[in-house]
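Colleague: What would the 3D arrangement of this be:
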Amino acid sequence: MNFRGGRFITGFRLPSTMQERIEYWLVVAVARTLGRMPRGLARVWAWILAVKVYWLFGRLRRVGVRNLEMALPELSSQARKKILRGVYLHLGWQLVEFCRMTRYTAENTRDWMRTEGWNTTWRRKRAVKACW
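Modeller: Numbering: from 1, shown residues only. The predicted model follows:
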């Protein structure tokens, strides 16, 4: 564990070049913004972000298309592009949920997240620790 700039750093290298700092703070700003928005609005913004990434990062898009060509050669080009756009959309939605994780509690996730079997897992872990 290092102490640098008034903060404890564990296994994390602080951005050193100007480009890395700009990228870092841009990601932090997007993550905090998406995390504070209502879920519906954040998903709309994530959809917009996904569309932009899909069209701006051609190399990444071509890699995805090529992977789908190898995995699903029987599909048409249009079908593969539709799948890839759906992947980008779902990655955007996952980004929203990741950015909102600090707001999750057992009470506000009870309606849409199952924790079934947690007690059994907890008991098993305690039993294994007791054996050691």
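Colleague: Find the residue ranges of the protein scoring beneath the pLDDT cut-off.
Modeller: Within the chain, the stretches with pLDDT under 70 are 1-15, 115-132.
Colleague: how about the strands in it?
Modeller: 2-4, 7-9 (DSSP state E).
Colleague: residue closest to the middle of this structure?
Modeller: Leu95 (3.7 Å; C-alpha atoms, centre = their mean).
Colleague: Next, find the distance separating that residue from Thr105.
Modeller: 21 Å (C-beta to C-beta, to the nearest Å). Using the backbone N, CA and C atoms, a C-beta is placed for each residue, glycine as well.
Colleague: quick one on the thing from earlier: and the nearest residue to the residue nearest to the centre of the chain once chain neighbours are set aside, how many residues sit next to it?
Modeller: With sequence-adjacent residues excluded and distances taken as C-beta to C-beta, 6 or more residues apart in numbering, Leu95 is closest to Ala46, at 5.7 Å. Residues within reach of Ala46, counting by other C-beta atoms under 10 Å, total 24.
Colleague: close enough to count as contact, Ala46 and Met37?
Modeller: No - contact criterion C-beta atoms under 8 Å: Ala46 and Met37 do not qualify, at 9.5 Å.
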